[in-house]
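> All I have is the shape, not the residue letters:
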């Protein structure tokens, strides 16, 4: 059989195309900018955790700092031990900390979700707590000067981003839901932060994108951010934040663009977005956040991260935090999708057992699993 020059050219082109496609498959996912992809734990973390984060090129860990635990008994007594532990192990491995300050203590209200904005005295206590946190962990903070840290040569990594409350538009963390009430809380904290650490970034509460419920229990993030922005000086807002939990990437895309557009209309066009929580569970299919397998979780992480990276300039998206770092004990008490939402499976003794989602995560950061 005679083969023409044209047939040879076509055959060579097909082989070449196949080689290019195959050889590029290892780097098919886009490279995340340094510090773009981060994590949030559900529980306390150890140096083994932050060492693994460092290895995976995770630059920031977001942590909840509950006022109700720091001052559980009295407005005169602060217990920073749990926070100290996390800040210390993070600093050891060069991981920054983004704290979310929330949860009213029991000596003020029985319900920790009620924000301390009813009356001057409660706002004063809130401001005192915020000031104490910044003076401890911010630039020039007392924590970094303590003999225990100095003598152990702890690297000084002061906290420079402060997030005010968590999901202020959803009753699980805020009751009643009210943009006006949250604006009072936020303004009070912002004045303290500007006075103590003027260069710190003030981050708006991560807003649950599309919660369900009556207006006093749940408000759409796009609507809430417009109401909030009308009550807060623009100079007090450095970063806006979103929790775009979604059933799939197509829904995620709609949520992100809707929120960006709403923020722009509210006069926040120049403000960057942090996604301070996003995640899908590998647990049995019981709701749209539970995907049924570890492989499905990894695939959805890949799809979501690919979209967020490609749309980040349009969205002014600066950071993304996967919730959560590790699964929790299946015999414990947790939300339905939280037991299996981690990048690592639960093991006794807090041993790190990476899931496919972690290996996929580090493909984006170009870290090591």
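Yes, it's here. If you're wondering where the values come from, they're calculated on a predicted model, not measured in any experiment. Residues are numbered from 1 along each chain as shown.
> Near residue 122, how many residues? Count them for me, please.
Using other C-beta atoms under 10 Å, residue 122 has 18 neighbouring residues. All C-beta spots, glycine's among them, are computed from the backbone N, C-alpha and C.
> give the contact list for it.
Contact analysis of residue 122 by C-beta atoms under 8 Å, 6 or more residues apart in numbering lists 108, 116.
> Backbone torsions only: list them for it.
Note on residue 122: its backbone torsions stand at phi -70, psi -40 [degrees, to the nearest 10].
> Could you list the single helix or strand in this protein with the lowest mean pLDDT?
helix 5-24 (a mean of 36; mean pLDDT, DSSP states H and E).
> and after it, which helix or strand comes next?
strand 37-40 (DSSP states H and E).
> For that next one, report the contacting residues that lie outside it.
The contact list for strand 37-40 (C-beta under 8 Å, 6+ apart) reads 53, 58-63, 98, 276-277, 305, 319-325, 343, 361, 364-365.
> now with 7 Å?
For strand 37-40, the external contacting residues (C-beta atoms under 7 Å, 6 or more residues apart in numbering) are 53, 58-62, 277, 305, 319-325, 361, 364-365.
> Same question for stretch 68-82.
With contacts defined as C-beta under 7 Å, 6+ apart, stretch 68-82 is touched by 44, 103-107, 112, 125, 129, 132, 136.
> Please apply the same query to stretch 102-111.
64, 66-68, 71-72, 74-75, 112, 114-116, 122, 125, 165-166, 173, 175.
> Would you write a ChimeraX line that selects the buried entries of the residues you listed?
A single ChimeraX command selects the buried members of the contacts of stretch 102-111 (16 or more other C-beta atoms under 10 Å):
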select :64,66,67,68,71,112,114,115,116,122,125,165,166,173,175
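> picking up where we left off before, compare the contacts of stretch 68-82 and tell me which is most surrounded.
residue 104 (24 neighbours).
> Relative to residue 124, how far out is it?
14 Å (C-beta to C-beta, to the nearest Å).
> How about residue 363?
49 Å.
> Which of the two has more residues huddled nearby?
Neighbour count, other C-beta under 10 Å: between residue 363 and residue 124, residue 363 has more, with 21 against 12.
> Show me what counts as buried in the helix or strand hosting the more buried one.
Under the criterion DSSP H and E, the helix or strand holding residue 363 is helix 356-365. Judged by neighbour count using 16+ other C-beta under 10 Å, the buried positions of helix 356-365 are 356-358, 360-365.
> and what of stretch 83-100?
83-84, 86-93, 95-100.
> cool, and stretch 232-249?
By neighbour count on 16+ other C-beta under 10 Å, the buried set for stretch 232-249 is 232, 236-246, 249.
> Likewise for stretch 179-196?
Judged by neighbour count using 16+ other C-beta under 10 Å, the buried positions of stretch 179-196 are 179, 181-190, 192-193, 196.
> Filter the residues you listed down to the ones in helices?
Judged by DSSP state H, the buried residues of stretch 179-196 include 179, 181-190, 192-193, 196 as members of helices.
> could I get those as JSON lines with distance to residue 151 and pLDDT?
Formatted as JSON lines, these follow (distance: C-beta to C-beta, whole Å; pLDDT from 0 to 100):
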{"residue": "179", "distance to residue 151": "47", "pLDDT": "98"}
{"residue": "181", "distance to residue 151": "44", "pLDDT": "98"}
{"residue": "182", "distance to residue 151": "42", "pLDDT": "98"}
{"residue": "183", "distance to residue 151": "44", "pLDDT": "98"}
{"residue": "184", "distance to residue 151": "42", "pLDDT": "98"}
{"residue": "185", "distance to residue 151": "38", "pLDDT": "98"}
{"residue": "186", "distance to residue 151": "38", "pLDDT": "98"}
{"residue": "187", "distance to residue 151": "40", "pLDDT": "98"}
{"residue": "188", "distance to residue 151": "37", "pLDDT": "98"}
{"residue": "189", "distance to residue 151": "33", "pLDDT": "98"}
{"residue": "190", "distance to residue 151": "35", "pLDDT": "98"}
{"residue": "192", "distance to residue 151": "31", "pLDDT": "98"}
{"residue": "193", "distance to residue 151": "30", "pLDDT": "98"}
{"residue": "196", "distance to residue 151": "26", "pLDDT": "97"}
